[in-house]
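Asker: Quick one, structure for this:
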Amino acid sequence: MGWAQLDMTTPIQKCDLHGSCTIYDYTQKKWIMSDSIDARIASLPASTFKIINLLIALETGAIKDENEVIKWPGKTDTTRYGFRPEIYHDMTVKEAFEVSAVWVFLDLAQKIGRERYQHYLAECKYGNADLSEMNPDFWNLGQLAISPVNQIEFLVKAYEGRLPFAKRNLEILKRVMVTEQNENYIIRSKTGWTREKDTDSGWWVGYVERKDHLWFFATRVSKPRSVVNLNFSSCRKEITKDILRQLKAIE
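Answerer: Below you'll find the model as predicted:
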């Protein structure tokens, strides 16, 4: 399909959400955006922050590798994070990344410390690097913000090894990020969902590897918290995959 026929608007409208899908065709070095203005507006990264968080945890020695087990502390804030008894147990960092167990990454955040976060966020040019939020969960609350374009720029640098992290740690990240794999392509990705004031904000960021082609993507959608939309969580991926299918990135 030629880009002139690409429909990036209908998938978002079908979900009845606000937002945008931004894609970088790495092979052809071309940006494709449903909304070039929204693509450059920064907001809280939510759980997509686990991508850089995992790298920082590995680089600083807060964890040895993705198989390190973090002990369940016995309680978590169910008001803020919902009641999810299926994640209330000791678990590996890899599992915590996959199921978005905030309590594990809050534990790691305490071990890493703000000073080292500040250093790596600045070195990586990750978002606005604003860590003024005193709550340890500064990626879901506060002023830290990143745009869809910046999300992709960071992922491209991770893919190319142009970040201040050991090659071993970047390889661990790539393994942990695998969310779909078949004989034709691999998707490496991370979702995110947080509440900003009266708005639900949801992300899906990552990249698709085929044998001869590579695409990076960052989709961010939002809705008023007062509006019930049972498909909000699934729509992050549905919107992106619809567009990726049009581009023949996936089947």
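
Asker: Now do the SS call for the residue nearest the centre of the chain.
Answerer: Taking C-alpha atoms, centre = their mean, the centroid of the chain lies closest to T48, which sits 2.4 Å from it. Counting by DSSP: H, G, I helix; E, B strand; the rest coil, the backbone at T48 sits in helix.

Asker: Looks like it contacts G192 (just checking).
Answerer: Yes: the pair T48 and G192 qualifies as a contact (C-beta atoms under 8 Å) at a distance of 4.0 Å. Every C-beta, even on glycine, is put in place using the N, C-alpha and C of the backbone.

Asker: Now N231: closest residue in space, sequence neighbours ignored.
Answerer: Spatial nearest neighbour of N231, chain neighbours left out: C15 (6.1 Å); criterion: C-beta to C-beta, 6 or more residues apart in numbering.

Asker: about what we covered before: which residues are in contact with the residue nearest to the centre of the chain?
Answerer: By C-beta atoms under 8 Å, 6 or more residues apart in numbering, T48 lies in contact with 146, 151, 190-192, 203, 205.

Asker: cutoff 6 Å now
Answerer: Taking C-beta atoms under 6 Å, 6 or more residues apart in numbering as the criterion, T48 is in contact with 190, 192, 203, 205.

Asker: cool, I152 as well?
Answerer: 24, 216, 218.

Asker: could you measure the residue nearest to the centre of the chain against K14, distance?
Answerer: T48 is 23 Å from K14, where distance means C-beta to C-beta, to the nearest Å.

Asker: what's the answer for E183, then?
Answerer: 29 Å.

Asker: joint contacts of T48 and G192?
Answerer: Joint contacts of T48 and G192 (C-beta under 6 Å, 6+ apart) are W203.

Asker: Please state the offset of the worst-scoring helix or strand of the chain on mean pLDDT from the chain centre?
Answerer: Across the helices and strands of the chain, mean pLDDT, DSSP states H and E gives its lowest value to helix 78-81, namely a mean of 86. Relative to its chain's centre, helix 78-81 lies at 20 Å (C-alpha atoms, centre = their mean, to the nearest Å).

Asker: same question, stretch 163-174
Answerer: Mean-position distance between stretch 163-174 and its chain equals 16 Å (C-alpha atoms, centre = their mean).

Asker: what's it in contact with?
Answerer: 54-55, 58-59, 66, 123-124, 157, 161.

Asker: Mind jotting down where the helices sit in the stretch 1-150 of the chain?
Answerer: For the stretch 1-150 of the chain, the helices defined by DSSP state H, counting those that start in this stretch occupy 9-14, 50-59, 78-81, 93-99, 102-112, 114-124, 148-160.
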